[in-house]
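1. No letters, just coordinates:
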């Protein structure tokens, strides 16, 4: 079951309210996405911890309904 | 032996362990293949464990690492990340620094 980009964005923001989320549908099939998640609340967290927060937000969809989500996380500049 | 103990033993007794789909010689997934290429490029010896051989291992490592996807890279018992993080670190030269910090010889030059 593919997920659409707005569902992904909504789930991420429900867990990380200050997140700036950019999602690209890589293959146009609703199944392969790339997401960039930038949040000030990531400060002080390792990359692994940042990604874990995003995966937590996706509530187990990752690796299931959501087959492929290339993920990049970061902290806002300045 | 419980699967958690098996995984713990593998990551603690091998310097570099890659949980992957397929084998280093024959990766069965593009994401696993990318990490294999990076490790081969760095020339770091590593042990590949094929999660397609065992559902118990596949599910066990996901819960062990609290990480939902494969591949998963461990260096000296520490979870480094999946494909995206490994690639990002490699491109930034951080993976090379991490290996050196952990006392592992890297053949490739620091910048790729």
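-> Now that the structure is in, tell me what you want to look at. Predicted model only: the values in this text are computed from it and were never measured. Residues are numbered from 1 along each chain as shown, chains lettered A, B, ... in the order given.
2. Next up, the contacts around residue B:24.
-> B:18, B:36, B:39, B:40, B:46, B:48 (Cβ atoms under 8 Å, 6 or more residues apart in numbering or on different chains). (C-beta placed from N, C-alpha, C; glycine too.)
3. List the ones among those that fall in strands.
-> The strands, defined by DSSP state E, take in B:18, B:48 from the contacts of residue B:24.
4. And the closest residue to chain A within chain B, how close does it get to residue A:59?
-> When scored by Cβ to the nearest Cβ, chain B has residue B:68 as its residue closest to chain A, at 4.1 Å. Distance, residue B:68 to residue A:59, by Cβ to Cβ, to the nearest Å: 10 Å.
5. These two: who's more crowded?
-> residue B:68 (20 against 12; other Cβ atoms under 10 Å in any protein chain shown).
6. The more buried one contacts residue A:57, doesn't it?
-> No - in this structure residue B:68 lies outside contact range of residue A:57 using Cβ atoms under 8 Å: 11.7 Å.
7. hang on, the residue of chain B closest to chain A in a helix?
-> No - Residue B:68 is assigned coil when assessed by DSSP: H, G, I helix; E, B strand; the rest coil, not a helix.
8. Point out the residues in chain A that sit beside chain B.
-> A:47, A:48, A:51, A:52, A:55, A:60, A:62, A:63, A:68, A:70, A:71, A:72 (Cβ under 8 Å from any Cβ of the partner chain).
9. what about the first one, how many neighbours?
-> Other residues near residue A:47 come to 20 when the count uses other Cβ under 10 Å.
10. Excluding chain neighbours, what is closest to it?
-> Closest residue to residue A:47 apart from its sequence neighbours, by Cβ to Cβ, 6 or more residues apart in numbering or on different chains: residue B:85 at 5.0 Å.
11. number of nearby residues for the one you found?
-> 25.
12. That one and residue A:43: what is the separation?
-> Counting by Cβ to Cβ, the gap from residue B:85 to residue A:43 is 17 Å.
13. Need phi/psi at residue B:61.
-> Here is the backbone geometry of residue B:61 (degrees, to the nearest 10): phi -70, psi -30.
14. That one is in contact with residue B:7, isn't it?
-> Yes - counting by Cβ under 8 Å, residue B:61 touches residue B:7, with 5.7 Å between them.
15. Of the residues of chain A next to chain B, just say which sits nearest to residue B:57.
-> Proximity of those to residue B:57 (Cβ to Cβ) peaks at residue A:63, which lies at 14.8 Å.
16. Test my guess that the closest one contacts residue B:69.
-> Yes - using Cβ under 8 Å, residue A:63 is in contact with residue B:69, at 5.1 Å.
17. And the two? Which one has more around it.
-> Using other Cβ under 10 Å as the criterion, residue A:63 and residue B:69 rank with residue B:69 on top: 21 against 16.
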